[in-house]
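1. Fold the stuff below for me.
(chains A and B)
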Amino acid sequence: DTEVTQTPKHLVMGMTNKKSLKCEQHMGHRAMYWYKQKAKKPPELMFVYSYEKLSINESVPSRFSPECPNSSLLNLHLHALQPEDSALYLCASGAGAASTDTQYFGPGTRLTVL
Amino acid sequence: GNSVTQMEGPVTLSEEAFLTINCTYTATGYPSLFWYVQYPGEGLQLLLKATKADDKGSNKGFEATYRKETTSFHLEKGSVQVSDSAVYFCALSDPDAGNNRKLIWGLGTSLAVNP
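-> Next comes the predicted model:
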């Protein structure tokens, strides 16, 4: 089973709201990723967690705050977002460490910031 | 630096036509290569991969061969269906990324298959 689940599927929020995106995998993967994707563009890497530790932050604004409570879960906390943050947010997981590591993606959360 | 170049779309084909989407790469080491597909309104799905030179990845009638001599990983399908309409992304695992498995992406190729 190569399933990564994400909730919610859609989210509409105002610029003063606080919300969270959730991601879960039960494949025993030790690397988890957050990406942002604009329409018909490739995904842009935001954060990487490796063995539950943040290993990459691609200079993402602090209004995005990731959290990895355990090896199966990944959250993205959102606060004071801007309309240009509207996008599809994708979570992915991978076995970790190996150079042939494949990333498996969830269905995404479509975020609209009003 | 490492990079991926994909043919620009959109590509429009009739059902049962032959498909080729070109992908070439530049890499300093020995990356793994991937094709991902994104159907309308959905997330990314791994379509196929190859981890070393001359490997052929295949899935759902799609194939791609890792050609080190031409630094290419072209995607092919012998007979496309309407259900293949999607955006296709070529990607490589950055060999300079150490244990942080960053993917380098092509810009994507949109495919529309007409009945």
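
2. C-alpha only now, for contacts and for neighbours.
-> Will do.

3. can you tell me how far the closest residue to residue B:42 other than its chain neighbours sits from residue A:89?
-> Distances taken as CA to CA, 6 or more residues apart in numbering or on different chains place residue A:107 nearest to residue B:42, at 5.6 Å, with adjacent residues excluded. Distance from residue A:107 to residue A:89, counting by CA to CA, to the nearest Å: 9 Å.

4. who's more crowded, the two?
-> The residue with more neighbours, out of residue A:107 and residue A:89, is residue A:89; 26 against 23, by other CA atoms under 10 Å in any protein chain shown.

5. what packs against the helix or strand where that one lies?
-> Applying DSSP states H and E as the criterion places residue A:89 in strand A:87-94. Using 3 or more CA pairs under 8 Å, 6 or more residues apart in numbering or on different chains; DSSP states H and E, the elements in contact with strand A:87-94 are strand A:4-7, strand A:31-37, strand A:104-105, strand A:109-113.

6. Now tell me which helix or strand of chain A has the poorest mean pLDDT.
-> For chain A, counting by mean pLDDT, DSSP states H and E, strand A:53-57 ranks last in confidence among helices and strands (a mean of 87).

7. which residue is nearest the centroid of chain A?
-> Central residue of chain A (CA atoms, centre = their mean): residue A:34, 2.8 Å from the mean position.

8. How many residues are close by the residue nearest to it when sequence neighbours are not counted?
-> Here the nearest residue to residue A:34 in space, its sequence neighbours aside, is residue A:91; by CA to CA, 6+ apart that works out to 4.7 Å. By the criterion of other CA under 10 Å, residue A:91 has 34 neighbours.

9. In contact with residue A:91, which residues?
-> A:4, A:6, A:23, A:32-35, A:105-106, A:108 (CA atoms under 8 Å, 6 or more residues apart in numbering or on different chains).

10. how about the nearest residue to the residue of chain B found nearest chain A, chain neighbours excluded?
-> Chain B approaches chain A most closely through residue B:43 (4.0 Å), counting by CA to the nearest CA. Distances taken as CA to CA, 6+ apart put residue A:107 closest to residue B:43, at 4.0 Å, once the chain neighbours are dropped.

11. tell me the pLDDT at the one you found?
-> pLDDT recorded at residue A:107 is 95.

12. Quick check: it touching residue A:3?
-> No - applying CA atoms under 8 Å as the test, residue A:107 and residue A:3 come out as separate, 9.4 Å apart.

13. what residues are up against residue 17?
-> Using chain A here. With CA under 8 Å, 6+ apart, residue A:17 has these contacts: A:78-81.

14. my question was about chain B
-> By CA under 8 Å, 6+ apart, the contact set of residue B:17 is B:78-80.
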